[in-house]
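**Student:** Mind folding the following:
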Amino acid sequence: MSVTPAKAMVLAAGLGLRMRPLTDHMPKPLVSVAGQPLLDHVLDKLAGAGVAEAVVNVHYLPDQIIQHTASRKRPRIIISDERDEVLGTGGAVVKALPLLGTEPFFHLNADTMWIDGVRPNLERLAETFDPARMDILLLMAPTTSSIGYAGRGDYAMLPDGALRKRREHQVVPFVYAGAAIMSPSLFADAPAGEFSLTKMFDRANEQERLFGLRLDGVWMHVGTPDAVQAAEEAFLESVA
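**Tutor:** You can find the predicted model right below:
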């Protein structure tokens with residue numbers, strides 16, 4: 001089984017606090033890396049994967065993102081406006097569900113950035129996603145080869161791709177790279193209001209329906225102003 005998602009959700013509502021001062025007057029998704037805003041790197045990858053529509057949520061300095069994406073044709077942008085509410089990463093998806101439809105959709109963080117290997121990773125995700133076995137398939141980056149990441153990882157991964165969440169004090173080899181495919185049915189009885197998407201990850205994990213796919217290429221954690229330069233150097237080197 002595989003899927004071909006025609007729709008995507010892009011999380012672009014964050015305050016970007018760790019990216020200050022770059023985000024004092026600009027939302028983090030519009031911070032430029034290698035001559036292009038982070039958000040455009042993400043939307044270009046979605047266009048390459050054949051996505052026709054992307055729902056982009058906004059909260060902090062929302063009009064800048066709305067204006068920036070207004071003329072985009074591929075994918076066509078639908079704004080989920082959260083300027084007057086705080087929904088968290090999970091509540092944002094629930095609000096956008098009527099726009100996303102009933103089929104599995106791509107879900108990306110607006111500030112995620114990676115260099116693809118031999119084949120595009122979104123294409124590999126779509127090929128690997130099996131709705132009969134999975135509610136969520138996460139793109140997982142090896143912590144050792146990622147740029148700008150110094151954490152303990154998020155999950156261990158079994159040979160069949162099943163994920164096991166890191167326990168406290170444990171170090172695991174994979175970090176969530178900010179790209180996934182999700183089934184809308186997972187959110188059927190999701191809580192109302194603000195909540196974190198990790199709640200849904202945990203629920204899928206408990207039901208053994210949370211899987212991962214190892215990223216082919218290099219993931220860049222662009223979380224701070226210092227990380228921007230490291231990401232630019234890696235990106236420009238990859239296209240040289």
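**Student:** Against residue 168, how distant is the closest residue to residue 76 other than its chain neighbours?
**Tutor:** On the basis of CB to CB, 6 or more residues apart in numbering, the spatially nearest residue to residue 76 that is not a chain neighbour turns out to be residue 53, at 5.1 Å. Every C-beta, even on glycine, is put in place using the N, C-alpha and C of the backbone. Using CB to CB, to the nearest Å, one obtains 40 Å as the distance from residue 53 to residue 168.
**Student:** same question, residue 96
**Tutor:** Summarising the geometry, the distance separating residue 96 from residue 168, computed by CB to CB, is 32 Å.
**Student:** The two: which has the busier surroundings?
**Tutor:** Neighbour tally, residue 96 and residue 168, criterion other CB atoms under 10 Å: the higher count belongs to residue 96, 25 against 5.
**Student:** Model confidence score at that one, please.
**Tutor:** Per-residue pLDDT puts residue 96 at 96.
**Student:** In a helix, it, correct?
**Tutor:** Yes. Looking at residue 96 with DSSP: H, G, I helix; E, B strand; the rest coil, it is inside a helix.
**Student:** correct me, but it touches residue 9?
**Tutor:** Yes. Using CB atoms under 8 Å, residue 96 is in contact with residue 9, at 5.6 Å.
**Student:** which residues do those two both contact?
**Tutor:** With contacts defined as CB atoms under 8 Å, 6 or more residues apart in numbering, the residues shared by residue 96 and residue 9 are 55, 57.
**Student:** got the residue ranges for the helices in the protein?
**Tutor:** 38-48, 62-69, 88-100, 121-128, 198-206, 225-239 (DSSP state H).
**Student:** Mind putting those helices into a markdown table with distance to residue 216?
**Tutor:** Formatted as a markdown table, the helices of the chain follow (distance: least, CB to CB, whole Å):
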| stretch | distance to residue 216 |
| --- | --- |
| helix 38-48 | 13 |
| helix 62-69 | 28 |
| helix 88-100 | 25 |
| helix 121-128 | 6 |
| helix 198-206 | 22 |
| helix 225-239 | 13 |
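**Student:** To residue 184, which of these lies closest?
**Tutor:** Comparison of the helices of the chain against residue 184 by CB to CB identifies helix 88-100 as nearest, at 5.8 Å.
**Student:** What helices and strands are in contact with that closest one?
**Tutor:** Applying 3 or more CB pairs under 8 Å, 6 or more residues apart in numbering; DSSP states H and E, we find helix 88-100 packed against strand 7-11, strand 53-58, strand 76-81, helix 198-206.
**Student:** Using PDB, write out every CA atom in it.
**Tutor:** The C-alpha atoms that make up helix 88-100 are tabulated as PDB, following Å, rounded to 0.1, in the frame of the first residue of the first chain:
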ATOM      1  CA  GLY A  88      -0.800  24.500  19.800                       C
ATOM      2  CA  THR A  89       0.400  22.100  17.100                       C
ATOM      3  CA  GLY A  90      -2.400  19.600  17.700                       C
ATOM      4  CA  GLY A  91      -5.300  22.100  17.900                       C
ATOM      5  CA  ALA A  92      -4.000  23.700  14.700                       C
ATOM      6  CA  VAL A  93      -4.600  20.400  12.800                       C
ATOM      7  CA  VAL A  94      -8.100  20.000  14.300                       C
ATOM      8  CA  LYS A  95      -9.100  23.500  13.200                       C
ATOM      9  CA  ALA A  96      -7.700  22.700   9.700                       C
ATOM     10  CA  LEU A  97      -9.300  19.300   9.300                       C
ATOM     11  CA  PRO A  98     -12.300  20.600   7.300                       C
ATOM     12  CA  LEU A  99      -9.800  22.000   4.800                       C
ATOM     13  CA  LEU A 100      -7.700  18.900   4.600                       C
END
